[in-house]
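**Q** Structure of the sequence below:
(one chain, ligands or ions: 1)
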Amino acid sequence: ATERSALFIFFGGTGDLAYRKLYPSMFNLYRKGTLQEKFAVIGTARDKLTDEKFREKVRKSIGSDSKEAEKFISHFYYEAHDVTDQAHYSVLKARAEELDKKYKLSGNQIFYLSMAPNFFGTVAGYLRTEGIVNDNGFSRLVIEKPFGRDFESAKELNESLAKSFKEEEIFRIDHYLGKEMIQNIEALRFGNTIIESLWNNRYIDNIQVTLSESLGVEERASYYDKSGALRDMVQNHIMQIVSLLAMEQPVAFTDSDIRAEKVKALRSLRVYNVAEAATNFVRGQYGAGNKVKPYREEDNVPADSTTETFVAGKLMFDNYRWSGTPFYIRTGKVLADKFTRVDVVFKKPLVDIFAFPGSTNTAPLDTNILTLYIEPKAGFALKINAKNNEQGFQTEPVTMKYLVDPEDSKKTPEPYERLIHDALKGDGTNFSSWQEVSYAWKFVDQIRHVWDLQAPNFPNYTPGSMGPAAADELIERDHRSWVYKL
Ligand code: BG6
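**A** Just a heads-up that it's a prediction; the model follows:
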């Protein structure tokens, strides 16, 4: 791999995400040679730690004490830091300059904010005014969601960042965009005539996106209860997936061309009025069952919480390609299983020539379905109609399948490894642009608005199910059904 040089400053450097995902991903980049000699890391947080103590924790997080690991860890430094204390930034600056010289980093810096978003603006501001950001190399800001809790707050947050960083310097993480099979959507669509030529409302009846989780909220209830599934999963991950599925062909496979198409797709997503939002979206919250505590009995969840742990909805694009072809989406906690998949349901042949008066072919033709397995299985399946191998003539559906070998899957880089690598390269393809984020909020805000008008009747689904009955009714009303069901 090409060596990349940069100083990383991780704000929230002792947080769960840093230890669980970020440092192990950095170590992978080190083993593959993207990071070699010319990099250094400053971890900062409120905790008082020495460099030594910090390195010990990093060692534990990467799960290795090999020679290579020790060399990697020697690039890590720690600076206790209160992000609101202006004076502290000069300490940070001195450390940054010293490491820049020591490791020959050419002024390249990546500021990674994995911390409470209410401080994003403060940190970004001080990084600029206190002169940590300089004009020598590149300065990039990587931020983690939530990017606001509605359009207005997202806009405010964005404006505060924009004072210090240009849009092309801001890398908004959506870890779903770092997933192998999400990135494969573009390869599948734009690399295959047989797919892309059918990829429209003439041939596709509907598309279903399911992000199903089997776990509950774990230790994150205090965050989750203020967020809910709509903000936690739909506004970001689902909107990103849907825009990749719906967009027109980009001029070239570059970040600016892809972003332009995603934004165009999101702009043609119909923003619902009150009545439409009420009919086209369903919310749920899990109660008791299957040895799971009801959501309302989780620690840090109020006993009368109206936070949704499940969302299903129908999305309509008002454009030539998709008019009349709905995208159904759903996501939720403590559902039947943990998986992410996309089912593309094609229209039936206009005429079934096998079903003529007196025909012995009793089976009606099935619909073709292209399934994209995103996780944990990775691959595709295509259901087609064929003749069975018996006497007479009977059609039956068969499935052509390509699944990535689980051993091979293990070699697939983790989303964070890919995304940190892209940030080092300055490639924004798999990050969310401000425009994408803003259109996604405008759509979601309207659903939220309608939900806030009326208290829901919660709880309404059983742990281990696929959500409330209303989620099935939503699609059955249109004479369709979920491809994945229990
Ligand atoms: C996060 C959400 O963005 O995505 C979590 O905040 C959710 O609530 C997680 O569990 C799911 O990610 P993955 O990669 O496990 O599907």
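**Q** Got the phi and psi for the residue in the stretch 1-150 of the chain positioned nearest to the ligand?
**A** The ligand sits closest to K145 of the stretch 1-150 of the chain, with a gap of 6.6 Å, by C-beta to the nearest ligand atom. Using the backbone N, CA and C atoms, a C-beta is placed for each residue, glycine as well. Main-chain dihedrals, K145, degrees, to the nearest 10: phi -60, psi 170.
**Q** Run me through the strand neighbours of the strand or helix carrying V345, direction for each.
**A** Per DSSP states H and E, V345 falls inside strand 339-346. Strand 339-346 sits in its sheet next to strand 204-212 (antiparallel), strand 369-375 (antiparallel), going by DSSP bridges.
**Q** residue contacts, the closest residue to the residue of the stretch 1-150 of the chain closest to the ligand other than its chain neighbours?
**A** Take K145 and drop its neighbours on the chain: the residue closest to it by C-beta to C-beta, 6 or more residues apart in numbering is N236, 5.7 Å away. Neighbour list for N236: 145, 147, 174, 176, 432, 437, 440 [criterion: C-beta atoms under 8 Å, 6 or more residues apart in numbering].
**Q** swap the cut-off to 10 Å and go again
**A** Going by C-beta atoms under 10 Å, 6 or more residues apart in numbering, N236 touches 145-147, 172-177, 432, 436-437, 440-441, 444.
**Q** ok so, going back, in the strand holding V345, which residues are buried?
**A** 339-346 (16 or more other C-beta atoms under 10 Å).
**Q** sorry, back to before: could you dump the strands paired with strand 339-346 into JSON lines and include mean neighbour count and mean pLDDT?
**A** Below are those laid out as JSON lines (neighbours: other C-beta atoms under 10 Å; pLDDT from 0 to 100):
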{"stretch": "strand 204-212", "mean neighbour count": "22", "mean pLDDT": "98"}
{"stretch": "strand 369-375", "mean neighbour count": "20", "mean pLDDT": "97"}
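**Q** just so I know, which of these lies nearest S305?
**A** For S305, the closest of the strands paired with strand 339-346 is strand 204-212, at 21.4 Å, according to C-beta to C-beta.
**Q** For the ligand, tell me whether the closest one is touching it.
**A** No: contact of strand 204-212 with the ligand (C-beta under 6 Å from any ligand atom) is absent, the minimum separation being 6.6 Å.
**Q** Okay, helices next: where are they in the stretch 101-250 of the chain?
**A** Under the criterion DSSP state H, counting those that start in this stretch, helices of the stretch 101-250 of the chain are mapped to 120-129, 151-162, 180-190, 193-196, 221-229, 239-246.
**Q** any residue of the third one up close to the ligand?
**A** No: with C-beta under 6 Å from any ligand atom as the threshold, helix 180-190 lies outside contact range of the ligand, at a closest distance of 10.2 Å.
**Q** For that helix, which outside residues touch it?
**A** 174-177, 191, 195-196, 199, 237, 240-241, 244-245, 247, 249-250, 253, 258, 340-342, 344, 370, 372-375, 377-380, 404, 409, 412-415, 418, 429-430.
**Q** same thing with the second one?
**A** When contacts are defined by C-beta under 10 Å, 6+ apart, helix 151-162 is touched by residues 113, 117-118, 120-125, 141, 143, 146-149, 167, 169-170, 172, 235, 434, 437-446.
**Q** before we move on, the earlier item: how about CSV for the strands paired with strand 339-346, with distance to Q183 added?
**A** Shown next, in CSV, are the strands paired with strand 339-346 (distance: least, C-beta to C-beta, whole Å):
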stretch, distance to Q183
strand 204-212, 16
strand 369-375, 10
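**Q** right, so of the ones you listed, which gets closest to A312?
**A** Nearest to A312, of the strands paired with strand 339-346 and by C-beta to C-beta, is strand 204-212 at 9.3 Å.
**Q** Pull the CA coordinates from that closest one and hand them back as PDB.
**A** C-alpha atoms of strand 204-212 as PDB (Å, rounded to 0.1, in the frame of the first residue of the first chain):
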ATOM      1  CA  ILE A 204     -39.100  -3.100 -10.900                       C
ATOM      2  CA  ASP A 205     -42.300  -3.400  -8.900                       C
ATOM      3  CA  ASN A 206     -40.800  -2.400  -5.600                       C
ATOM      4  CA  ILE A 207     -37.600  -2.300  -3.600                       C
ATOM      5  CA  GLN A 208     -37.300  -3.400   0.100                       C
ATOM      6  CA  VAL A 209     -34.500  -2.300   2.400                       C
ATOM      7  CA  THR A 210     -34.400  -4.100   5.800                       C
ATOM      8  CA  LEU A 211     -31.900  -3.300   8.600                       C
ATOM      9  CA  SER A 212     -32.900  -5.700  11.200                       C
END
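**Q** which residues in the stretch 351-486 of the chain form helices?
**A** 406-411, 415-425, 434-452, 469-476.
**Q** Deepest-packed of the ones you listed, please.
**A** Greatest average neighbour count among these goes to helix 415-425 (a mean of 21), per mean count of other C-beta atoms under 10 Å.
**Q** near the ligand, which residues of the protein show up?
**A** Contact residues, the chain versus the ligand (C-beta under 6 Å from any ligand atom): 175, 213, 232.
**Q** now, which of the residues you listed sits nearest the ligand?
**A** Distances from the ligand to these, taken as C-beta to the nearest ligand atom, are shortest for D232 (4.7 Å).
**Q** Skipping adjacent residues, who's closest to that closest one in space?
**A** Nearest to D232 is Y224, by C-beta to C-beta, 6+ apart, at 6.5 Å.
**Q** Does the one you found touch E218 like I think?
**A** Yes: contact criterion C-beta atoms under 10 Å: Y224 and E218 qualify, at 8.8 Å.
**Q** Show me which of these two is the more surrounded one.
**A** Comparing Y224 with E218 by other C-beta atoms under 10 Å, the one with more neighbours is Y224, at 23 against 10.
**Q** before we move on, could you check phi and psi at the closest residue to G392 other than its chain neighbours?
**A** When the adjacent residues along the chain are set aside, G392 lies closest to T360, with 5.6 Å between them (C-beta to C-beta, 6+ apart). With angles defined as degrees, to the nearest 10, T360 sits at phi -90, psi -10.
**Q** just the strands in this structure please.
**A** With DSSP state E as the criterion, the chain has strands at 6-11, 39-45, 76-80, 109-113, 139-143, 170-172, 204-212, 281-284, 310-315, 327-332, 339-346, 369-375, 379-387, 395-403.
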